[in-house]
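**Student:** Just need the structure, nothing else, for what follows:
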Amino acid sequence: MRHLFRTPEINNPLKNIEILNLVIIDLMYKSMKLNYHKSTHSLLKLRKLLIFTLLSLFTINIAWGQSQRISIAAKNKTLLSVFEEIEKQTGLSIAYNQTKLNINKVINQDFNDKILSSVITEIRILMIKSCPLL
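**Tutor:** Below you'll find the model as predicted:
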C-alpha cells in the first residue's frame, strides 16, 4: 500500500537534513532577532546612564576647581609668578597664549581668601585695564 503524502525527497536522508538545517537556522534567526532587540534596548539604557554619570562627574569636578579658596600676596609680582602660585595652591594647571598675554606684567593687588574664579576674573580685568587701546 502506498502512502499518499510520501515523496521521494522526504525519504532522502540528505534532503531531510537540509530541511532540518533550514528549520534550525530559521529558529536561530528569530531568536537572535528577538534577543538583539532586547539587548539593544538595554544597551541604550546603559549608554544613557553612563553619559549622565560622566557629565555629572565632570560638572562636579569643574565646580570644585572653580570654588577653591586661595590667598596670594601679589604685590609687585609678575603674572607668571601669580599663575605659579595658583597652580601650587589648587593643583590645577593654567593654560595661556604667550603671544597674546604678557606674563611679565606686574600685578599690584593682593588676593586674600578669595574664590579661584573671582581671582582669575580680577586678573583679567587688571590686564584689560593695563592694555593700551589700539
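**Student:** quick one, strands of this structure?
**Tutor:** Assigned by DSSP state E, the chain shows strands spanning 69-72, 75-78, 106-108, 111-115.
**Student:** The ones you listed: which one's closest to residue 124?
**Tutor:** With CB to CB as the measure, strand 106-108 is the member of the strands of the chain nearest residue 124 (11.6 Å). The way it works is simple: take the backbone N, C-alpha and C, and place the C-beta from them, glycine included.
**Student:** Strand partners (parallel or antiparallel) of that closest one?
**Tutor:** Strand 106-108 has the following sheet partners, assigned by DSSP bridges: strand 75-78 (antiparallel).
**Student:** how far is the partner strand from where the chain is centred?
**Tutor:** Computed by CA atoms, centre = their mean, to the nearest Å, the separation of strand 75-78 from the middle of its chain amounts to 38 Å.
**Student:** buried ones in it?
**Tutor:** residue 77 (16 or more other CB atoms under 10 Å).
**Student:** just stretch 105-122 next, same as before
**Tutor:** Within stretch 105-122, the residues scored as buried using 16+ other CB under 10 Å are 107, 111, 114, 116, 119.
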